[in-house]
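Enquirer: Sequence first, predicted model second:
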Amino acid sequence: ELKVEQNPLFLSMQEGKNYTIYCNYSTTSDRLYWYRQDPGKSLESLFVLLSNGAVKQEGRLMASLDTKARLSTLHITAAVHDLSATYFCAVDLPSGGYQKVTFGTGTKLQVIP
Amino acid sequence: EAQVTQNPRYLITVTGKKLTVTCSQNMNHEYMSWYRQDPGLGLRQIYYSMNVEVTDKGDVPEGYKVSRKEKRNFPLILESPSPNQTSLYFCASSLQYGIVTDTQYFGPGTRLTVL
């Protein structure tokens, strides 16, 4: 059974600071996804990481994937209040055509002005 | 506008009364999926469909059925709802799951309460 763990579960940080959210998973997979969810809203796709060493950046967010360590990171640079949300990573269960998806429990980020 | 729509958005029902939550996408996507979101448990996949011909169970399929008779629609059916199915449900779609330029689009969610 694939397990996906995120750390920390809750993060309160000041504007302008840097921080990293970690996503560990238990079974070999080379497909990992990051999503953002605002309170009371749906999920928004942020990044799709499809190979070892993949790195993607969008604004103040940068995601990377290390399939050997079974680890993905979401790095926040110079946080701003608008980044306050819950962030989820999700991993494909490697069977057949990579169809099943397991989500982490989420990291609730609060950026304080 | 490219979107995934769900109906209803909110539903309160009673145990045992069959219900259907509809999901429709207008992007000609092959892949569609249903998730439920519960506090402390994150999102869990219920069913997914790679295309009209292929549908399979996710992690928590018990008590649910799905149907993919046409590409754009993927309804979630609860034949006999129970209180433990009270949750927030999301439908999602993508062109072809996991390809480099792909992204998943999520519907707005359906908040279901089963009394």
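Expert: Noted; the coordinates are in hand.

Enquirer: Please count neighbours and contacts with C-alpha atoms only from this point.
Expert: Fine.

Enquirer: Residue B:85 reaches residue B:115, doesn't it?
Expert: No: counting by C-alpha atoms under 8 Å, residue B:85 stays clear of residue B:115, with 9.9 Å between them.

Enquirer: who touches both of the two?
Expert: Applying C-alpha atoms under 8 Å, 6 or more residues apart in numbering or on different chains, one finds that no residue jointly contacts residue B:85 and residue B:115.

Enquirer: Between those two, tell me which one has more neighbours.
Expert: residue B:85 (20 against 14; other C-alpha atoms under 10 Å in any protein chain shown).

Enquirer: how deep is the residue nearest to the more buried one when sequence neighbours are not counted tucked in, by neighbour count?
Expert: Excluding the flanking residues, the one nearest residue B:85 by C-alpha to C-alpha, 6 or more residues apart in numbering or on different chains is residue B:114, at 6.8 Å. Applying other C-alpha under 10 Å, we find 17 residues neighbouring residue B:114.

Enquirer: In the sheet, which residues pair with residue B:114? Tell me.
Expert: Legend: beta-bridge partners of residue B:114 under DSSP bridges are residue B:13.

Enquirer: In contact with it, which residues?
Expert: Residue B:114 neighbours (C-alpha under 8 Å, 6+ apart): B:12-15, B:81-86.

Enquirer: now do 7 Å
Expert: B:12-15, B:81-83, B:85-86 (C-alpha atoms under 7 Å, 6 or more residues apart in numbering or on different chains).

Enquirer: Just give me the closest of those to chain A.
Expert: Proximity of the contacts of residue B:114 to chain A (C-alpha to the nearest C-alpha) peaks at residue B:86, which lies at 16.2 Å.

Enquirer: so where's chain A shaky on pLDDT?
Expert: A:94-99 (pLDDT under 70).

Enquirer: Show me where it has its strands.
Expert: A:4-7, A:10-14, A:19-25, A:32-37, A:43-49, A:55-58, A:61-66, A:71-76, A:85-92, A:101-103, A:107-112 (DSSP state E).

Enquirer: What ranges in chain B fall below the confidence cut-off?
Expert: The low-confidence ranges in chain B, as defined by pLDDT under 70, are B:96-102.

Enquirer: Longest strand in it, by number of residues?
Expert: Chain B, longest strand under DSSP E: strand B:42-51.
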